[in-house]
Every structure is written in C-alpha cells, then in structure tokens.
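K.L.:
Have a look at this prediction, sequence included:
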Amino acid sequence: QVQLVESGGGLVQAGGSLRVSCAASGRTLSSFAMAWFRQAPGKERDFVAGISWSGGSTSYADSVKGRFTISRDNAKNTVYLQMNELKPEDTAVYYCVASGRGWKVSGTPNEYDYWGQGTQVTVSS
C-alpha cells in the first residue's frame, strides 16, 4: 500500500505562484509514475501533469503548459507541482496520484492505483 499526503495548497492572488507537494509512505515511489489531477466544484476530475518513475518523461494538460512544472525527488519520496502565473480557473482541489506502471504517464484517472486526499488551491482575481 502507498499513502499519499498532499500539502502546500492555499489562497493566492492571480498571477502568483504556489508549490504543492506530495509525500508518500508505505513504499518507495521510485518505481511509480506520478501525476496531479484537479477537480473544481461541479466539474470532472482533470489531468494536470504527470511524470514517469525516472523523471525522464513528463506530460502536461494544455491549460497549464508553460506555467506548471512537475518534478520528483525519489530520495525524499516526494513529488512536487510548481504552479506559476496562477489564474482563477486554476482553483480546484489538487490530488496526487501514483501508478505502478512507472514507465507510463497517463491522463486517465482510472489508470492510477493510489490517490491522496487532496489539497485546496484557490486563486483570487
């Protein structure tokens, strides 16, 4: 089992930056693909960014390309999402997820085996 705990969410003004983190316990993350999804009120859960087990492959939703960066530190069993130039439409609960198919970065929620509880990110205009 893998437990994922997100942190770093909060309230930020439009144009600002925020970094959310995901710390894992139970197993090492070094063999897992990791990703971030987000869900705004009344909307579906959407893929934001993903990274392969080695960090050699990343993928981003078009809406966040050039603004968000996903990274990982396998020694610390932690994944990060750096969010710059935040917009009100980035407001959502952000979820950290892990997949045992470490080579594959997928944008499909049901391809991920483990989910965190989520952290709220609110961007004010």
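P.N.:
Cool, the structure landed. In this text the structure is predicted, and so the values were computed from the model without any measurement.

K.L.:
most centrally placed residue in this structure?
P.N.:
Trp36 (2.3 Å; CA atoms, centre = their mean).

K.L.:
in this protein, which segments are predicted with low confidence?
P.N.:
For the chain, no stretch has pLDDT under 70.

K.L.:
So which residues of it form helices?
P.N.:
Counting by DSSP state H, one finds no helices in the chain.

K.L.:
can you tell me how far Thr91 sits from Gln120?
P.N.:
For Thr91, the distance to Gln120 equals 8 Å [CB to CB, to the nearest Å]. The way it works is simple: take the backbone N, C-alpha and C, and place the C-beta from them, glycine included.

K.L.:
and what of Val64?
P.N.:
From Val64 to Gln120 the distance is 17 Å (CB to CB).

K.L.:
Of those two, which one has the most company?
P.N.:
Val64 (23 against 13; other CB atoms under 10 Å).

K.L.:
Apart from its neighbours in sequence, what residue is nearest that one?
P.N.:
Nearest residue to Val64 in three dimensions, chain neighbours excluded: Val48, at 5.8 Å (CB to CB, 6 or more residues apart in numbering).

K.L.:
isn't the one you found right up against Val79?
P.N.:
No: the pair Val48 / Val79 is not scored as a contact, 11.8 Å apart, by CB atoms under 8 Å.
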